[in-house]
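Engineer: Make a model of this:
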Amino acid sequence: MNIKPDATLDMLYNKKLKYFHNKFESTIPKLKLKIDELNSQKNKDNEEETNQKIEQLQKKIKQIVDERDRYFLDNSKYLFEYFESKQNIDKNNNPKKKINNFFKINSYTINDNMYTMTTSCADKIYTVEVELKACFENCTN
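Structural biologist: Have a look, this model is predicted:
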């Protein structure tokens with residue numbers, strides 16, 4: 001299979017599906033027609049030769065079916081993982097995002113606590129400033 005450098009897994013998968021579709025929609029029916037023709041032309045003189053040809057054609061059909069089955073069995077794990085992760089990305093449901101969202105919730109809580117602490121410190125500083133100002137005014141009078 002000739003693979004282009006910019007080929008994606010989707011493109012390769014679709015190419016393979018088209019290949020199998022072509023085999024099942026055109027090649028196998030042609031082979032079955034040949035088998036039917038050979039069966040109809042069969043007579044006692046060429047029976048053995050015709051049976052061998054029919055056997056060869058049936059083997060070709062079996063090879064095509066086995067090739068497809070082998071492809072899906074050998075690659076099912078990878079295809080499943082790829083399309084599952086693709087689906088999660090489409091749904092915006094990837095694990096990293098869930099983790100980030102989890103920690104953002106906590107960071108908001110931390111930010112709220114920091115705001116409360118900052119406000120509380122500012123109030124204390126203001127109170128100390130007011131007391132110092134009052135003390136300074138009392139000392140100068």
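
Engineer: doesn't residue 55 make contact with residue 35?
Structural biologist: No. Applying C-beta atoms under 8 Å, one finds residue 35 not in contact with residue 55, separated by 9.7 Å. Every residue, glycine included, has its C-beta placed from N, CA and C.

Engineer: Tell me which of those two has more neighbours.
Structural biologist: More crowded of residue 35 and residue 55, by other C-beta atoms under 10 Å: residue 35, with 18 against 11.

Engineer: Please report how far that one lies from residue 89.
Structural biologist: The gap separating residue 35 from residue 89 is 47 Å, by C-beta to C-beta, to the nearest Å.

Engineer: Any stretches of this structure with poor pLDDT?
Structural biologist: Counting by pLDDT under 70, the chain contains low-confidence residues at 1-6, 90, 92-141.

Engineer: Report the contact partners of residue 9.
Structural biologist: residue 82 (C-beta atoms under 8 Å, 6 or more residues apart in numbering).

Engineer: how far away is it from residue 37?
Structural biologist: 41 Å.

Engineer: And for residue 70?
Structural biologist: 29 Å.

Engineer: Okay then, goodbye and thanks.
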